[in-house]
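Peer 1: Just the structure for this:
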Amino acid sequence: MGHYYTQRPDVKSDRRELHFSFRGRDFSFMSDRGVFAKDGVDEATAFLLETLEVGNAKNALDLGTGYGVIGIALAVTYGLDVTMTDVNERALYLAEENASHNNVDVRVVKSDGFEALEGEQFDLIVTNPPIRIGKARLHALIKGAKRHLSTEGSLWLVVHKKHGAPSMHRFLEQYYETEEVKKHKGFRVYKATPLKTDA
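Peer 2: I've put the predicted structure just below:
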């Protein structure tokens, strides 16, 4: 089927070049079949980037990077030290290629969730989460982020109302101080900071 959340998509390659503008900068990305949003930067990702507040963050994790849009945009625009992860090997290859093409130095890591990031912490974890992996795996991913946030770190994510934004909000509140920062056409962007009393 070539799902974007599988390690090795089995669909035939069909590469294409995409263009994206953010904060007055123009980016170009190579995309391919078998990766998320292969035909163009999706509306949710663009909305998340526009809403995200970097603050005093020095580093960031782009969790489920796909072909690298969020991580590359953050590294180029804000000068952050960025790590980009995905389980999809085709996406990771594209992310590395796109970082080089956009003249930015980022770290690209193959990781199923946080498995390859043991002990690492980030000021920002940013994700357009893979809703289609199923609720149990999705919730484990979101809950697991709190172990990888620095003292003042925050998780930022975007979810559409029809994909369960209200239930995600309720789930987040079990583990995080949660703020719905902005909404637009059904999309909700959440900022989540780990509850200080939560073990």
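Peer 1: Sketch out the low-pLDDT regions of this structure for me.
Peer 2: Residues of the chain meeting the criterion pLDDT under 70: 1-10, 197-199.
Peer 1: Please save the CA atoms from the longest helix seen in it in PDB.
Peer 2: Longest helix of the chain, by residue count under DSSP state H: helix 89-101. Extracted in PDB, the C-alpha atoms of helix 89-101 (Å, rounded to 0.1, in the frame of the first residue of the first chain):
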ATOM      1  CA  GLU A  89      13.300   5.400   4.700                       C
ATOM      2  CA  ARG A  90      12.200   7.100   1.500                       C
ATOM      3  CA  ALA A  91      11.200  10.200   3.400                       C
ATOM      4  CA  LEU A  92      14.500  10.300   5.300                       C
ATOM      5  CA  TYR A  93      16.400  10.100   2.100                       C
ATOM      6  CA  LEU A  94      14.400  13.000   0.700                       C
ATOM      7  CA  ALA A  95      14.800  15.000   4.000                       C
ATOM      8  CA  GLU A  96      18.600  14.700   3.700                       C
ATOM      9  CA  GLU A  97      18.500  15.700   0.100                       C
ATOM     10  CA  ASN A  98      16.200  18.700   0.800                       C
ATOM     11  CA  ALA A  99      18.300  19.900   3.700                       C
ATOM     12  CA  SER A 100      21.400  20.000   1.400                       C
ATOM     13  CA  HIS A 101      19.400  21.600  -1.400                       C
END
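Peer 1: Next secondary structure after that helix?
Peer 2: strand 107-110 (DSSP states H and E).
Peer 1: what does that following strand contact?
Peer 2: 65, 68, 82-87, 89, 92, 95-96, 99, 116-117 (CB atoms under 8 Å, 6 or more residues apart in numbering). Yep, even glycine has a C-beta here, placed from its N, CA and C like the rest.
Peer 1: quick one, strands of the protein?
Peer 2: Here the chain has its strands, by DSSP state E, at 16-22, 25-31, 59-63, 81-86, 107-110, 122-127, 149-160, 176-184, 187-194.
Peer 1: coming back round to it: of the contacts of strand 107-110, grab the buried ones for ChimeraX.
Peer 2: Selecting only the buried entries of the contacts of strand 107-110 in ChimeraX, with 16 or more other CB atoms under 10 Å as the criterion:
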select :65,68,82,83,84,85,86,87,92,95,96,99,117
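Peer 1: Pick the most buried one from the strands of the chain.
Peer 2: Most buried of the strands of the chain by mean neighbour count (mean count of other CB atoms under 10 Å) is strand 59-63; its value is a mean of 27.
Peer 1: which helices and strands sit right next to that one?
Peer 2: With contacts taken as 3 or more CB pairs under 8 Å, 6 or more residues apart in numbering; DSSP states H and E, strand 59-63 sits against helix 69-78, strand 81-86, strand 122-127.
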